[in-house]
Structure formats: structure tokens, C-alpha cells
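1. Pasted the sequence and its predicted model underneath.
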Amino acid sequence: MVSSLAFAQAAGSPAPRSHRTNAFNDPFVQVTSAIPQCPVPEGPLYTEAEVRELAHVRSQHGGSCHRVGRCRLPNSYLYDAEIIPRVLRYIQQDGRFDDTSVWVLGERRLVTLKGCVQSQAQSDALEKAVWLVDDVMGVINLLQVGTDAAAARYPLVVPQ
């Protein structure tokens, strides 16, 4: 008996994508939306196999900051649910970034910035602003000037 997957592959159809979820509940939100043509970043999505592979590493990395005295909470991932709403509020109330389209991702007290800005100076200013938010341990700046999807430094949402 031939499975429907084998039949689809034999017929030249692409294999279905593995189901992916935000299994670790990493906060990922859009904080500004003034540039509608900005390439939309894919959120933190993992297959079941990736979750199994990452679970041990994440528990080791998450707990190490507490063990060495750099975190008051027992796991650095616990901060993210508090940090990202504060980052959102700070960026939205700052005013300098109202003409951008930016998404933020929180993982282990690291904030990743994705999206589009008007200039490199604005990108640098946004990165410095996020560093000022309490409990942020680092900022990963993947912002781009303009809207060229080919220039995006992050994975993009795949149309369904």
C-alpha cells in the first residue's frame, strides 16, 4: 500500500512541512508597523525533533546564569515574558521609531530586533534604546534599512 506522502512525492508535489510550534513560548511580537512592505520575520517555530534537540541545551544555558550569580531567577528564559512587554512599551513611547516596522524576540534575556528602519543611524539608536531596558543582557540587531526581502538577515514567513 502506498502512503499519501509517497504518492505526493512520486507525483512531484512537495513534501508537507513538518508541523512547527513555538514550543518554548519565546515571546515574539511586532512593536511598530509603519513600513507595510517590510519582509515579515518568521517567529520562533520548532519541529518536535528540534524541540527534543534543544531542550537540554536550553535548560543548561537557562540555568547557568543563576548558578553563577548573574540572575535572580532560576532560569534566564523566565525573564523574557517580562522583558518583551517592557521593550514594546519603551519603543512605542520613545517616538523616534514610529516610522519603522519592527518585531522583537526574547530568548534568555537576549532581545533580537528584526524588521525595517529608515536609516542605519535609526537602527543603531533602536539597538542602544533596547539595551536600556532592565534585565536585557544583550541585543541582536538584525534590522535592515529598506524593504528588500533579499537583504533580510532573518528567516521570512513562508506564504501558506
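-> Nice, I can see it.

2. And the closest residue in space to C71 that isn't next to it in sequence, its phi and psi?
-> In space, C71 comes closest to C65 once its chain neighbours are excluded; the distance is 3.9 Å by C-beta to C-beta, 6 or more residues apart in numbering. To be clear about C-beta, it is placed using only N, CA and C from the backbone, and glycine gets the same treatment. Here is the backbone geometry of C65 (degrees, to the nearest 10): phi -70, psi -30.

3. Repeat that for F28.
-> phi -140, psi 110.

4. returning to that earlier point: I'd like the distance between the residue nearest to C71 and S18.
-> Counting by C-beta to C-beta, to the nearest Å, the separation of C65 from S18 is 31 Å.

5. Show me which of those two is the more surrounded one.
-> The neighbour comparison of C65 against S18 (other C-beta atoms under 10 Å) goes to C65, with 19 against 11.

6. Quick one: residues contacting the more buried one.
-> 71, 76, 109, 137 (C-beta atoms under 8 Å, 6 or more residues apart in numbering).

7. With L110 instead?
-> 136-140.

8. of all those, which comes closest to P27?
-> V136 (12.7 Å; C-beta to C-beta).

9. thinking that closest one is in contact with V111, fair?
-> Yes: when contacts are counted by C-beta atoms under 8 Å, V136 is listed as touching V111 (5.6 Å).

10. Looking at the two, which one has more neighbours?
-> Legend: neighbour count by other C-beta under 10 Å for V136 and V111, higher for V111 (25 against 19).
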